[in-house]
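1. Quick check, what structure comes out for this input:
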Amino acid sequence: MLKILAIDDDPSFLLSLSNFLEYKNYYVQTAPNPFKAEEYFRNEDFDCVLLDVKMPGMDGIDLLKKFQQIRPTIPIIMISGQSTISTAVEAIKLGAYDFIEKPLDIDRLLITLKNALEKKIWQSEKLSLLSQIDDAYPFIAVSKKMRDLIEKIKRIAPTDTKVLILGESGTGKELIARALHYHSKRNTKPFIKINCAAIPTELLESELFGHKKGSFTGATSDYKGKFLAADTGTLFLDEIGDMEEKLQAKLLRVLQDGEVEIIGETKPRKVDVRIIAATNKDLTKLVNERKFREDLYHRLNVVQIRIPPLREHVEDIPVLARYFLKEFAQTYNKKLVDFTPQAMHLLINYSWPGNVRELRNVVEKISVLTKNTRITAAEVSEALEPENNLSTVKAYSGTLQEAREKFEKEYIKRFLNITGWKIQETAEALGINRSALFKKMRKLGIKKPNS
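-> As a prediction, the model looks like this:
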């Protein structure tokens with residue numbers, strides 16, 4: 001049952017109002033003065049507030065301001081028998097949902113309540129959805145590069161401008177696109193994604209623009225396509241650099257005219273779609289090689305976002321790794337506290353060719369297999385170089401001393417490879433000092449390749 005807070009200094013009006021609303025299956029909490037109302041509002045959950053403008057002790061407008069600071073998502077409907085246009089305008093500017101005059105028009109009150117409550121439900125769903133998006137892709141960053149990127153996304157998101165996202169595989173291009181959509185004015189509308197590299201060229205046109213039944217062999221039913229599915233929302237064109245030139249020309253016409261030509265139809269259809277495109281390829285190089293249309297490139301490249309590879313903002317590796325560790329501790333019901341300093345050194349000094357996606361996968365792999373609460377350097381090493389996993393090493397021949405030395409040599413070389421042969425970082429990962437590592441390397445005949 002939806003809960004209403006009704007505030008008025010007229011007891012007979014409150015009684016009449018609450019009786020009527022309770023008859024309509026609302027639960028009503030009445031407050032005869034603004035001070036009692038503020039106490040109720042702070043301590044209880046309400047779905048909507050009916051607030052009188054003129055009350056002794058505190059003006060309804062002042063109470064509206066307080067309520068907006070406490071819980072801005074609760075719709076507040078102002079009620080007054082002595083209203084003026086200026087008062088109504090001020091209330092709406094301050095965030096009131098609506099303004100109704102006394103004596104109340106019952107039908108209007110019920111319609112306003114219904115609409116206000118629907119808006120509250122929509123806002124709650126929106127906040128929940130945004131929370132899920134933020135959880136799915138944590139904008140966790142301490143580096144200046146990523147903080148600047150986050151601020152740029154926040155500035156771009158509310159607009160309808162086209163965005164071109166550039167970045168290596170695994171940097172999170174789709175997740176950035178989703179963030180742009182869900183923080184935009186279109187966030188209650190569809191977000192539609194299509195991977196231009198994953199669909200054969202002969203099918204991609206139909207996937208994008210749709211087709212009528214019987215328009216070609218295999219078209220057994222009508223299909224509206226991604227553009228019409230994304231109408232009023234956002235269309236994310238992933239791997240746009242892989243699109244064939246024939247389709248590039250058709251896409252350009254849609255972007256220029258705002259109309260989609262469905263295969264098998266003679267009359268184009270209007271669409272209102274925000275376009276976000278992404279690629280891991282160098283589009284300017286493709287333009288120069290005449291493999292990508294220059295006019296389409298400029299149409300898509302209104303605002304450009306370049307996501308730096310993880311190796312360019314290594315300051316974020318510790319916070320990301322710990323975030324993922326916490327996530328997988330919950331997922332797999334394990335007590336995972338942290339990484340040892342040596343393990344973190346390995347993570348920081350690894351090149352991460354697969355970027356954030358690879359980091360997340362590595363942390364998940366370790367989380368599944370570990371029996372420890374603190375992740376060790378050996379576990380990180382095995383996860384980073386599975387082909388050299390010690391469990392797969394064949395039995396050593398020779399004496400125990402020879403086997404021990406061979407094992408130690410391979411173990412040290414593995415850490416050196418992970419750190420890019422950085423002696424200090426390798427020594428710290430192994431838990432020994434720099435001079436001890438040099439002695440071990442000389443004794444075991446370990447030399448840097450090509451040196």
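
2. any low-confidence regions in the chain?
-> For the chain, residues meeting the criterion pLDDT under 70 lie at 83, 123-139, 385-400, 403, 451.

3. Let me see the domain layout of it.
-> If the domains of the chain are taken from automatic domain parsing, they occupy 3-127, 137-308, 311-451, with pieces of a single domain joined by a plus sign.

4. Let's have the ones you listed in CSV, adding mean neighbour count.
-> Heads up, the C-betas are built off the backbone N, CA and C, glycines and all. Listed next are these as CSV, based on neighbours: other C-beta atoms under 10 Å:
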stretch, mean neighbour count
domain 3-127, 16
domain 137-308, 17
domain 311-451, 16
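
5. Who are the contact partners of W352?
-> Residues counted as contacts of W352 (C-beta atoms under 8 Å, 6 or more residues apart in numbering) are 309-311, 317, 358-359.

6. for the closest residue to R71 other than its chain neighbours, helix, strand, or coil?
-> Take R71 and drop its neighbours on the chain: the residue closest to it by C-beta to C-beta, 6 or more residues apart in numbering is F41, 7.3 Å away. State at F41, reduced to three classes by DSSP: H, G, I helix; E, B strand; the rest coil: helix.

7. hang on, F41 packs against Q68?
-> No: F41 sits out of contact with Q68 when judged by C-beta atoms under 8 Å, with a separation of 10.9 Å.

8. one step back: enumerate every residue touching the residue nearest to R71.
-> When contacts are counted by C-beta under 8 Å, 6+ apart, F41 is found next to 5, 49, 67, 70-71, 74.

9. Which residue ranges of the stretch 51-200 of the chain form strands?
-> Remark: strands assigned in the stretch 51-200 of the chain by DSSP state E, counting those that start in this stretch are 76-80, 98-101, 163-166, 191-195.

10. likewise the stretch 251-400 of the chain?
-> When assigned using DSSP E, counting those that start in this stretch, the strands of the stretch 251-400 of the chain occupy the ranges 259-260, 269-270, 274-279, 303-306, 338-339, 374-375.

11. Name the strands paired with the second one and say parallel or antiparallel.
-> For strand 269-270, sheet partners with direction are given as strand 259-260 (antiparallel), following DSSP bridges.

12. how about CSV for the contacts of F41, with distance to T171 added?
-> Formatted as CSV, the entries for the contacts of F41 read as follows, by distance: C-beta to C-beta, whole Å:
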residue, distance to T171
L5, 48
V49, 45
F67, 43
I70, 40
R71, 38
I74, 39
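
13. what's the closest of the strands of the stretch 251-400 of the chain to S169?
-> strand 274-279 (10.4 Å; C-beta to C-beta).

14. how many degrees apart are the closest one and strand 191-195 in direction?
-> If you take axes from the mean of the first three to the mean of the last three C-alpha atoms, to 10 degrees, strand 274-279 sits at 30 degrees to strand 191-195.

15. Against which helices or strands is strand 274-279 packed?
-> On a contact count with 3 or more C-beta pairs under 8 Å, 6 or more residues apart in numbering; DSSP states H and E, strand 274-279 meets strand 163-166, helix 173-182, strand 234-238.

16. Just the C-alpha atoms of it, please, in PDB.
-> What follows is strand 274-279 as a C-alpha-only set of coordinates in PDB (Å, rounded to 0.1, in the frame of the first residue of the first chain):
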ATOM      1  CA  ARG A 274      22.000   8.800 -30.700                       C
ATOM      2  CA  ILE A 275      25.000   7.100 -32.300                       C
ATOM      3  CA  ILE A 276      28.000   6.000 -30.300                       C
ATOM      4  CA  ALA A 277      30.700   4.200 -32.300                       C
ATOM      5  CA  ALA A 278      33.900   2.400 -31.200                       C
ATOM      6  CA  THR A 279      36.900   0.700 -32.700                       C
END
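
17. contact partners of that strand?
-> For strand 274-279, the surrounding residues in contact (C-beta under 8 Å, 6+ apart) are 160, 162-167, 173-174, 176-177, 180-181, 184, 186, 233-242, 255, 300.

18. hmm, try it at 6 Å
-> 160, 162-165, 173, 177, 180, 234-241, 300 (C-beta atoms under 6 Å, 6 or more residues apart in numbering).

19. Run the chain-centre distance for that strand.
-> Centroid displacement of strand 274-279 relative to its chain, using C-alpha atoms, centre = their mean, to the nearest Å, is 16 Å.

20. Could you spell out the sheet neighbours of it, each with its direction?
-> Neighbouring strands of strand 274-279 in its sheet, by DSSP bridges, are strand 163-166 (parallel), strand 234-238 (parallel).

21. Return the closest of the contacts of W352 with respect to L21.
-> Nearest to L21 out of those is L359 (C-beta to C-beta; 54.3 Å).

22. ok, T159 to G233 distance?
-> T159 sits 15 Å away from G233, taking C-beta to C-beta, to the nearest Å as the criterion.

23. One more: V28?
-> V28 sits 38 Å away from G233 when distances are taken as C-beta to C-beta.

24. and what of Q401?
-> With C-beta to C-beta as the criterion, Q401 and G233 are 68 Å apart.

25. what does D242 give?
-> Computed as C-beta to C-beta, the D242 to G233 distance reads 23 Å.

26. One more: A329?
-> According to C-beta to C-beta, A329 and G233 sit 35 Å apart.

27. Assign a three-state SS to the closest residue to I76 other than its chain neighbours, would you?
-> Of all residues not flanking I76 in the chain, V49 sits nearest, at 4.5 Å (C-beta to C-beta, 6+ apart). Of the three states, V49 takes strand under three-state DSSP.

28. Might one say that V49 is in contact with T73?
-> No: with contacts defined as C-beta atoms under 6 Å, V49 does not count as touching T73, sitting 11.6 Å away.

29. so where do the helices sit in the stretch 1-150 of the chain?
-> Listed from the start of the chain, the stretch 1-150 of the chain has helices (DSSP state H, counting those that start in this stretch) covering 11-23, 34-43, 60-70, 85-93, 106-136, 144-156.

30. Can I get those in a markdown table including distance to H345?
-> What follows is these, written out as a markdown table (distance: least, C-beta to C-beta, whole Å):
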| stretch | distance to H345 |
| --- | --- |
| helix 11-23 | 64 |
| helix 34-43 | 49 |
| helix 60-70 | 47 |
| helix 85-93 | 56 |
| helix 106-136 | 28 |
| helix 144-156 | 21 |
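
31. Out of the ones you listed, the one nearest E379 is which?
-> Relative to E379, the nearest member of the helices of the stretch 1-150 of the chain by C-beta to C-beta is helix 106-136, separated by 25.7 Å.

32. Break down the stretch 251-400 of the chain into its helices, ranges please.
-> So, for the stretch 251-400 of the chain - with DSSP H, counting those that start in this stretch - the helices run 283-288, 294-300, 317-331, 341-349, 355-369, 377-384, 400-418.

33. packing partners for the first one?
-> Using 3 or more C-beta pairs under 6 Å, 6 or more residues apart in numbering; DSSP states H and E, the elements in contact with helix 283-288 are helix 294-300.

34. Can you give the contact residues for the helix it packs on?
-> Outside of helix 294-300, the residues that reach it under the criterion C-beta under 6 Å, 6+ apart are 162, 164, 248, 252, 255, 277, 283, 287.
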